[in-house]
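[1] Predicted model and sequence follow; I will ask about them next.
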Amino acid sequence: MSGTLAIVGAGAKAVAVAAKAAVLCEMGVDVCDVVAVERAGVAANWRQGGGWTDGRQRLGTSPEKDVGFPYRSALAPGRNAELDEQMMRLSWQSYLVATDQFVGWIDRGRPAPTHETWAGYLRWVADVVGLKVVRGEVVQLSLEAPNWVLHTRESSLSADAVMITGPGQPERSMLSGSPRVLSIAQFWQRAARHDRIVADNVAVIGGGETAASILNELFHHRVSAITAISPQATLFTRGEGFFENSLFSDPTGWHRLTQDERRDCIARTDRGVFSARVQESLLADERIKHLRGRVARVVARDGRIWITLCNDNCGEPVETLHRFDLVIDGSGADPLWFVPLLSPAAVDLLELGVGGPLTGERLEESIGQDLAVAGVTPKLFLPNLSGINEGPGFPNLSCLGLLSDRILGAERGVTEPPMGRSDAYQSV
Ligand SMILES: Cc1cc2nc3c(=O)[nH]c(=O)nc-3n(C[C@H](O)[C@H](O)[C@H](O)COP(=O)(O)OP(=O)(O)OC[C@H]3O[C@@H](n4cnc5c(N)ncnc54)[C@H](O)[C@@H]3O)c2cc1C
């Protein structure tokens with residue numbers, strides 16, 4: 001793509017796209033300008049203070065799934081092997097070598113890095129490639145034909161295309177204002193202050209990776225019983241075998257699955273599942289139990305929090321009431337978090353593109369090969385909603401190199417070869 005690509009958030013995806021753009025530029029290949037608009041700092045969500053972690057939690061995916069992974073570039077026909085070689089200078093291992101951490105990492109058996117270390121890696125890449133960052137929180141996204149305009153409180157930026165990143169805001173909770181209901185950000189603030197939680201009966205709402213990290217930390221606090229609440233039948237373990245992993249790294253063949261098969265794959269491997277590592281700690285701790293249900297209401301009464309759960313019993317909704325001393329709302333990540341930022345004209349444009357009001361499902365099903373909403377100009381890239389149509393690795397860290405190709409290759413019609421890189425072996 002040409003012109004300016006503005007990215008909301010200078011996190012993992014922005015760093016990966018900027019890295020590939022910088023390398024292409026060095027190689028003399030025409031590429032767009034990449035600018036990230038960031039409210040806190042590069043990789044802020046992976047650090048203490050960003051609201052999603054205390055920085056001491058460990059990365060779930062392998063760090064070798066770094067900004068260039070899977071190193072099968074397709075953006076420079078005839079020179080893709082060179083492009084991948086240049087991207088390797090920005091790999092996780094290159095970072096460890098550059099910062100003299102490589103020997104220690106190998107000798108310790110390649111441990112999963114903490115989120116803080118992962119942030120260090122992303123910040124190093126951003127520095128090396130000179131990622132352009134405009135500081136400010138995007139508060140509105142409007143249209144000024146033929147461009148997008150990103151508004152922060154301090155300034156505005158016009159761009160030919162926009163990419164939305166990140167899981168949304170961690171400050172929300174189902175009962176904000178109650179000291180007995182913590183948002184994700186409030187929980188991590190306490191954990192980072194070493195402010196120990198002392199409570200008998202604690203509930204954690206959410207069945208995804210965010211709730212899993214919270215449970216992992218909660219074990220170290222003085223709580224007698226922990227209830228994990230999620231709508232799934234149980235706390236599923238993520239499939240982490242070769243076949244599951246390869247769906248995330250290489251979505252070749254994803255289009256051959258039906259919509260139902262794709263949703264089933266994502267449900268088993270990504271949404272609402274805990275990693276095997278977290279499951280191991282859960283198993284070992286007898287304080288934890290799982291409660292199935294969707295949270296219908298949260299009410300504070302008599303110094304306790306009362307949660308009404310709703311379950312479907314053979315087509316009949318059944319409500320049950322449960323009492324807790326403290327509730328942590330870990331249900332936070334929301335791929336539609338940007339929708340309230342859209343101006344009325346931007347909503348109209350997108351609704352025309354997707355054929356109706358903006359729902360998660362409609363947006364997911366309208367995503368094209370380039371990870372943008374199909375048929376909408378100027379382009380709006382929504383990688384976090386690209387899983388169903390394009391492959392389960394695009395919303396997360398599983399194939400950042402491939403994601404960068406799809407975004408930067410938009411309008412050029414570049415498609416990756418069906419199995420691996422076309423010129424990888426010819427040019428050696
Ligand atoms: C606790 C936790 C652990 C996770 N572990 C893994 C893992 O091991 N492997 C994996 O693949 N995925 C993991 N994920 C999922 C993870 O969110 C994504 O894989 C990855 O961060 C996506 O990168 P990103 O660039 O979209 O977002 P992020 O890296 O989260 O970056 C988003 C950025 O946007 C900024 N921002 C937010 N709102 C605005 C705004 N309005 N204006 C300007 N800037 C804004 C934030 O400050 C942040 O810097 C984890 C998520 C969480 C919450």
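    Now that the structure is in, tell me what you want to look at.
[2] who's in contact with stretch 119-135?
    10-12, 14-15, 18-19, 22-23, 33-39, 42-44, 46-47, 55, 63, 66-67, 89-90, 92, 95, 98-99, 113, 152, 154-155, 157 (C-beta atoms under 8 Å, 6 or more residues apart in numbering). The C-beta positions use only the backbone N, C-alpha and C, and glycine is treated the same way.
[3] just the helices in the stretch 151-300 of the chain please.
    For the stretch 151-300 of the chain, the helices defined by DSSP state H, counting those that start in this stretch cover 184-192, 209-218, 242-249, 259-269, 276-284.
[4] by how many degrees do the shortest one and helix 259-269 diverge?
    Yep, that's helix 242-249 we're talking about. Helix 242-249 and helix 259-269 are oriented at 110 degrees to each other (axes from the mean of the first three to the mean of the last three C-alpha atoms, to 10 degrees).
[5] Kindly export helix 242-249 (C-alpha atoms) in PDB.
    What follows is helix 242-249, C-alpha atoms only, in PDB (Å, rounded to 0.1, in the frame of the first residue of the first chain):
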ATOM      1  CA  PHE A 242       2.000 -29.300  16.000                       C
ATOM      2  CA  PHE A 243      -1.400 -29.400  14.100                       C
ATOM      3  CA  GLU A 244      -3.000 -26.700  16.300                       C
ATOM      4  CA  ASN A 245       0.100 -24.500  16.200                       C
ATOM      5  CA  SER A 246       0.600 -24.800  12.500                       C
ATOM      6  CA  LEU A 247      -2.900 -23.400  11.900                       C
ATOM      7  CA  PHE A 248      -1.800 -20.300  13.700                       C
ATOM      8  CA  SER A 249       1.600 -19.900  11.900                       C
END
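[6] ok, is that helix in contact with the ligand or not?
    No: Helix 242-249 does not reach the ligand (C-beta under 6 Å from any ligand atom); its nearest approach is 8.2 Å.
[7] buried set for that helix?
    Neighbour counts using 16 or more other C-beta atoms under 10 Å place N245, L247, F248, S249 of helix 242-249 among the buried residues.
[8] same thing with the fourth one?
    Neighbour-count burial for helix 259-269, counted by 16+ other C-beta under 10 Å, picks out R262, R263, C265, I266, R268, T269.
[9] Return the member of those nearest to V138.
    Distance to V138, by C-beta to C-beta, is smallest for I266 among the buried residues of helix 259-269, at 27.4 Å.
[10] And the closest one, how close does it get to A36?
    27 Å (C-beta to C-beta, to the nearest Å).
[11] and what of S176?
    For S176, the distance to A36 - C-beta to C-beta - is 29 Å.
[12] The two: who's more crowded?
    Set S176 next to A36 and count neighbours by other C-beta atoms under 10 Å: A36 wins out with 25 against 12.
[13] Pretty sure the more buried one sits against I7.
    Yes: A36 is in contact with I7 according to C-beta atoms under 8 Å; the separation is 4.5 Å.
[14] what is in contact with these two at once?
    Shared contacts of A36 and I7 (C-beta under 8 Å, 6+ apart): A14, A18.
[15] ok, the residue in the stretch 101-250 of the chain that the ligand sits nearest to - contacts?
    Nearest to the ligand in the stretch 101-250 of the chain, going by C-beta to the nearest ligand atom, is G166, at a distance of 3.0 Å. Contact analysis of G166 by C-beta under 8 Å, 6+ apart lists V8, G9, G11, N45, W337, N384.
[16] swap in W148?
    W148 touches A6, L141, S142, S158, A159, D160, A161, V162, A346, P378, L380, counting by C-beta under 8 Å, 6+ apart.
[17] near the ligand, which residues of the stretch 151-300 of the chain show up?
    Checking the stretch 151-300 of the chain against the ligand by C-beta under 6 Å from any ligand atom, the hits are T165, G166, P167, E209, T210, S213.
[18] need the residues you listed in TSV with pLDDT, can you?
    As requested, these are arranged in TSV below (pLDDT from 0 to 100):
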residue	pLDDT
T165	98
G166	97
P167	94
E209	82
T210	88
S213	89
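[19] Pick the one among the residues you listed closest to V202.
    S213 (15.0 Å).
[20] Test my guess that that closest one contacts Q57.
    Yes: with contact defined as C-beta under 8 Å, S213 and Q57 form a contacting pair (4.7 Å).
[21] In terms of neighbours, single out the busier of the two.
    The neighbour count for S213 versus Q57, taken as other C-beta under 10 Å, is higher for S213 (26 against 23).
[22] can you tell me which residues contact the more buried one?
    With C-beta under 8 Å, 6+ apart, S213 has these contacts: T53, Q57, V278.
[23] Return the item of these having minimum pLDDT.
    The member of the contacts of S213 with the lowest pLDDT is V278, at 77.
[24] Strands along the stretch 101-250 of the chain, start to end?
    132-135, 140-144, 147-151, 156-159, 161-164, 181-182, 198-205, 222-230, 236-237 (DSSP state E, counting those that start in this stretch).
[25] tell me what the longest one is packed against?
    Read that as strand 222-230. Judged by 3 or more C-beta pairs under 8 Å, 6 or more residues apart in numbering; DSSP states H and E, the packing partners of strand 222-230 are strand 198-205, helix 209-218, strand 288-292.
[26] List the strands paired with that strand, with their directions.
    strand 198-205 (parallel), strand 288-292 (parallel) (DSSP bridges).
[27] from the chain's centre, how far out does the shortest one sit?
    Which is strand 288-292. 25 Å (C-alpha atoms, centre = their mean, to the nearest Å).
[28] hang on, the earlier thing: mean pLDDT lowest for which of the helices of the stretch 151-300 of the chain?
    Looking at those, the bottom one is helix 276-284 with a mean of 78.
[29] Would you mind putting the residues of the stretch 151-300 of the chain next to the ligand into TSV with distance to R301 alongside?
    Conversion of those to TSV gives the following (distance: C-beta to C-beta, whole Å):
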residue	distance to R301
T165	39
G166	35
P167	31
E209	32
T210	27
S213	29
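[30] and which of these is nearest to E361?
    Using C-beta to C-beta, those come closest to E361 at P167, 18.5 Å.
[31] Excluding covalently adjacent residues, which one is nearest to the closest one?
    What sits nearest to P167 in space, not counting adjacent residues and going by C-beta to C-beta, 6 or more residues apart in numbering, is A333, at 3.7 Å.
[32] that's a strand at that neighbour, yeah?
    No: per DSSP: H, G, I helix; E, B strand; the rest coil, A333 lies outside any strand segment and is coil.
[33] secondary structure element for A14?
    Assigned by DSSP states H and E, A14 belongs to helix 12-26.
[34] Next, see if that helix gets close to the ligand.
    Yes: counting by C-beta under 6 Å from any ligand atom, the ligand has neighbours in helix 12-26: A12, K13, A14.
[35] who does the helix or strand just after that helix touch, helix- and strand-wise?
    Later in the chain than helix 12-26, the nearest helix or strand by DSSP H and E is strand 33-38. If you count contacts as 3+ C-beta pairs under 8 Å, 6+ apart, strand 33-38 packs onto strand 4-8, helix 12-26, strand 132-135, strand 156-159.
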